[in-house]
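Trainee: Requesting a structural model of the entry that follows:
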Amino acid sequence: MENIISIFIKSIFIDNMVFAFFFGMCSFIAVSKSVKTAMGLGAAVTFVMVTTVPLNYLLNEYILSPGALGWINPAYGVGGAQEVDLSFLSFILFIAVIASFVQLVEMVVEKFAPALYNQLGIFLPLIAVNCAIMGGSLFMQERAYASAGEATAFAAGSGIGWWLAIILLAAIREKITYSNVPAPLKGVGITFILTGLMGIAFMTFMGIQL
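Mentor: Below is the predicted model of the structure:
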């Protein structure tokens, strides 16, 4: 339990997808113009992350990893299912799972929050190619978490961390609308500067002992 809490907190503050790895920057920059749209996209990204990473963990553990198919017939000797390595299919299957859940989120948002659906525009279906989502599954695979619970904690922390980052940036961008920003820096320029400063601020969490 303590390890799961550690993974969760670390994923939010220390290994933040935006400020530590700069994942998901396209939608992060484009949709952070208002807190309302940032909240909606952040919730969608978090949901997709929490649902797809554990599912991809199970796919990796029981189908894709070298020897993962040994459960089919564990009594069979050399040359059986336990010798099969399907890891080369990881990218394809991970993306298929992510795209399926993104499609589900898109339909739900369009049905119950059409105003938010129109505000998010193309960036809602583009969650399917958001590198933060894919990065979550690949990090899960690389770090070889011991259980689905640890993978879920990592997914939840990563999603909430991305959500927190985009909300913070959106809140700041709403405030600087009324500030005297130099003309060459208006828009994307000042946004990149703010993102860099926020990344430096989040580096202070690296001192947390977990």
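Trainee: can you pull the buried residues of the lowest-mean-pLDDT helix or strand in the chain?
Mentor: Every helix and strand of the chain was ranked by mean pLDDT, DSSP states H and E. The lowest is helix 114-120, at a mean of 84. Counting neighbours by 16 or more other C-beta atoms under 10 Å, one finds that the buried residues in helix 114-120 are 116-117, 119-120. The C-beta positions use only the backbone N, C-alpha and C, and glycine is treated the same way.
Trainee: following that helix, which helix or strand comes up?
Mentor: helix 131-143 (DSSP states H and E).
Trainee: and that next one, C-alpha only, in CSV?
Mentor: Extracted C-alpha coordinates of helix 131-143, given in CSV (Å, rounded to 0.1, in the frame of the first residue of the first chain):
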residue,chain,number,x,y,z
CYS,A,131,1.9,11.3,-26.3
ALA,A,132,1.1,11.6,-22.5
ILE,A,133,-1.4,8.8,-22.8
MET,A,134,0.8,6.6,-24.9
GLY,A,135,3.8,7.6,-22.7
GLY,A,136,1.9,6.3,-19.7
SER,A,137,1.5,2.9,-21.2
LEU,A,138,5.1,2.8,-22.3
PHE,A,139,6.5,3.9,-19.0
MET,A,140,4.3,1.3,-17.3
GLN,A,141,5.9,-1.3,-19.6
GLU,A,142,9.4,0.0,-19.1
ARG,A,143,9.2,0.2,-15.3
